[in-house]
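**Student:** One predicted model, sequence on top.
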Amino acid sequence: MEHLTPTPHNSAREGDFAKTVLMPGDPLRAKYIADTFLEDVTLVNNVRGIQGYTGFWKGKRVSVMASGMGIPSIGIYSYELYNFYGVESIIRIGSAGAIHPDLRLRDIVIGQGACTNSRFADQFGLPGTFAPIADFGLLEKAVAASRKAGVRFMVGNLLSSDVFYSDTPAGNAWEKMGVLAVEMESAGLYMNAARAGKKALCICTISDGAKIGACSAEERQLTFTQMMEIALEIA
């Protein structure tokens, strides 16, 4: 089957995206990154307000586009970028809720793997349970860049949850298994990357936690710059 661009969800043409795309959940965060960090920026997609930009960071051609919230949303956008637009790497840069007791607001968590309560993997018809993991090369570079920047960070398992308002809270069930933080996208991204033979990494900033309070929506949009700079450095 021939795949044509634009797609129902993306008005960009073939070649409009760089080989590496940074993918925050929030369209306003994508705009902030484009306005703040990139030069010679072009808006390449704005279907449904999911803004995608391509520009240059220190001479490297880089794109940034929002994913929206949840695995179904990032599942659509990452699939099209990998399979229709020739993108090789997607680096999710999002917010996450702390599970590990040592995490503080604005700490960075690099997702080595992603647990999930989603049924997204069922489509692949696997005779068992798939373990979604990051690309090791991107992970290694992100750890090195984080150390160089002197930021507080942890590396390990994320939980990609399909549910934000849960009727049956998990309590410490994930914490006792060593899961660091909860977000809503990385497992789907990692699975799409695996299926397409491409690369993916999730870098999150802790925005809230049961014992540490929460950042405002404006702070999440505008102040998580360490995570953005690390992603740009490894793009």
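**Tutor:** Thanks, I have the structure now. From a predicted model like this one, the values you see are computed outputs, not experimental measurements.

**Student:** Next one: the residue nearest the centre of the chain, what pLDDT does it get?
**Tutor:** Note on the chain: the residue nearest the mean C-alpha position is Arg92, at 1.8 Å, using CA atoms, centre = their mean. At Arg92, the model reports a pLDDT of 98.

**Student:** Need the three-state assignment for it.
**Tutor:** Here Arg92 is strand, with the state taken from DSSP: H, G, I helix; E, B strand; the rest coil.

**Student:** my guess is it contacts Ala193, does it?
**Tutor:** No: under the criterion of CB atoms under 8 Å, Arg92 makes no contact with Ala193, lying 10.3 Å away. Placement of C-beta: from N, CA and C, glycine included.

**Student:** wait, what's in contact with the residue nearest to the centre of the chain?
**Tutor:** 23-24, 67, 74, 185-186, 189, 200-204 (CB atoms under 8 Å, 6 or more residues apart in numbering).

**Student:** That one and Asp107, how far apart?
**Tutor:** If you measure Arg92 against Asp107 using CB to CB, to the nearest Å, the figure is 17 Å.

**Student:** Stretch 16-34 - what's its average pLDDT?
**Tutor:** 94.

**Student:** how about the CA coordinates for it, as PDB?
**Tutor:** What follows is stretch 16-34, C-alpha atoms only, in PDB (Å, rounded to 0.1, in the frame of the first residue of the first chain):
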ATOM      1  CA  ASP A  16       9.700  18.700   5.900                       C
ATOM      2  CA  PHE A  17      10.800  16.800   9.000                       C
ATOM      3  CA  ALA A  18      14.400  16.400  10.100                       C
ATOM      4  CA  LYS A  19      15.600  12.900  10.900                       C
ATOM      5  CA  THR A  20      15.200  13.600  14.600                       C
ATOM      6  CA  VAL A  21      12.000  14.900  16.100                       C
ATOM      7  CA  LEU A  22      11.600  16.100  19.700                       C
ATOM      8  CA  MET A  23       8.100  15.400  20.900                       C
ATOM      9  CA  PRO A  24       6.500  17.100  23.900                       C
ATOM     10  CA  GLY A  25       2.900  16.400  24.600                       C
ATOM     11  CA  ASP A  26       1.900  20.000  24.700                       C
ATOM     12  CA  PRO A  27       1.700  22.000  21.500                       C
ATOM     13  CA  LEU A  28       2.600  25.200  23.400                       C
ATOM     14  CA  ARG A  29       5.700  23.500  24.600                       C
ATOM     15  CA  ALA A  30       6.600  22.600  21.000                       C
ATOM     16  CA  LYS A  31       6.100  26.300  20.100                       C
ATOM     17  CA  TYR A  32       8.200  27.400  23.000                       C
ATOM     18  CA  ILE A  33      11.100  25.100  22.000                       C
ATOM     19  CA  ALA A  34      10.900  26.300  18.400                       C
END
